[in-house]
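# whatever this is, show me its structure:
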Amino acid sequence: MKKNYLDDYSEAYSDSFAYSLDNELMLNWYPKRVLNHVTGESILELGLGHGYTSVIFSKSFKKHVVVDGSLEIISDFLQKHKEAESMNIVHSYFEEFETDEKFDVIVMGFILEHVENPDLILEKYKKMLKPNGTVYIAVPNSDALNKRFGYEAGLINNMSELTEADLQLGHKRIYNLEKLKDVCIRNGYCIKHVEGIFLKPITTQQIKDLELSKEILNSMLKVGINYPELCAAILVGICLENK
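Just a heads-up that it's a prediction; the model follows:
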């Protein structure tokens, strides 16, 4: 893998990206949902991405380690966020990162759709999780409500196919609820918690054109909690089997 591989996708993490609205909404929302369900003092976060989640998590844990493979994304984050001094940001591919530490919480937010081998990642990070710890995973949902409408209208041929936006972001696959549960269970985890992120009935461009209020957008996030199979993304909490 060439060293600048991840930097090739950094443009998709800018405000000019077509789905930046979705990113801003979901990435500021789901960390708060995770914090509602976890305890402990340490967190290991895979990926900086847009930086929204790391800023939120940094305020709630004494020990906060973030691993990211893109020097460009790390540099951009450090320039924007002085509070990053309290975090330990490690430049490493997820597959290569090693530590003897164990964490109360491990967050894989919109990671599994990017990596070459999701099973390898889920197996590898077991040893970094405390016995009673929780891993939280967020992924895009191939069966989201707006995509279902698009499929029935003949605008989408196959909901499981990667879109142009997926390719811009470097996605290698897309999950639905059943597929996400399956990859977790086959790697020795128990499903502890499931919820949806952003119940979105129309496209992002239509949302922008309608100039929907913050209150309406927030209601889509709130209602989506109970409908993971229909939301734009899925959030699951998993724990070690028999723990």
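# dump the longest strand along the chain to CSV, restricted to CA.
Looking across the chain with DSSP state E, the single longest strand is strand 129-140. Provided in CSV are the C-alpha atoms of strand 129-140 (Å, rounded to 0.1, in the frame of the first residue of the first chain):
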residue,chain,number,x,y,z
LEU,A,129,-10.4,-4.1,24.8
LYS,A,130,-10.9,-4.5,28.5
PRO,A,131,-12.9,-7.6,29.5
ASN,A,132,-16.0,-5.5,30.2
GLY,A,133,-15.4,-2.9,27.5
THR,A,134,-17.4,-2.0,24.5
VAL,A,135,-16.6,-1.5,20.8
TYR,A,136,-18.9,0.9,19.0
ILE,A,137,-19.1,0.7,15.2
ALA,A,138,-20.8,3.1,12.8
VAL,A,139,-21.2,2.3,9.1
PRO,A,140,-23.3,3.6,6.2
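# my guess is Lys126 contacts Cys239. True?
No - in this structure, Lys126 is not within contact of Cys239 by C-beta atoms under 8 Å, at 10.5 Å. C-beta: built from backbone N, CA, C; applies to glycine.
# picking up where we left off before, list the strands paired with the longest strand of the chain, with their directions.
strand 103-109 (parallel), strand 233-240 (antiparallel) (DSSP bridges).
# for the ones you listed, give me a markdown table that also has mean neighbour count and distance to Tyr175.
Shown next, in a markdown table, are the strands paired with strand 129-140 (neighbours: other C-beta atoms under 10 Å; distance: least, C-beta to C-beta, whole Å):
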| stretch | mean neighbour count | distance to Tyr175 |
| --- | --- | --- |
| strand 103-109 | 23 | 12 |
| strand 233-240 | 22 | 7 |
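# okay, the least confident helix or strand in the chain by mean pLDDT in CSV with CA atoms only?
Every helix and strand in the chain was compared by mean pLDDT, DSSP states H and E; the lowest is helix 164-168, with a mean of 82. Extracted C-alpha coordinates of helix 164-168, given in CSV (Å, rounded to 0.1, in the frame of the first residue of the first chain):
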residue,chain,number,x,y,z
GLU,A,164,-19.8,7.8,-6.8
ALA,A,165,-19.8,9.3,-3.4
ASP,A,166,-18.7,6.0,-1.9
LEU,A,167,-15.8,5.8,-4.3
GLN,A,168,-14.8,9.4,-3.6
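# list the buried residues of whatever helix or strand comes next after it.
Following helix 164-168 in sequence order, the next helix or strand is helix 177-185 (DSSP states H and E). Neighbour-count burial for helix 177-185 flags 177, 179-181, 183-184 (criterion: 16 or more other C-beta atoms under 10 Å).
# stretch 76-88 now?
76-77, 84, 87.
# show only the entries of the residues you listed found in helices.
Mapping the buried residues of stretch 76-88 onto helices (DSSP state H) picks out 76-77.
# dump the buried residues of stretch 76-88 into a markdown table; add pLDDT as well.
Output for these, formatted as a markdown table (pLDDT from 0 to 100):
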| residue | pLDDT |
| --- | --- |
| Asp76 | 91 |
| Phe77 | 93 |
| Ala84 | 76 |
| Met87 | 93 |
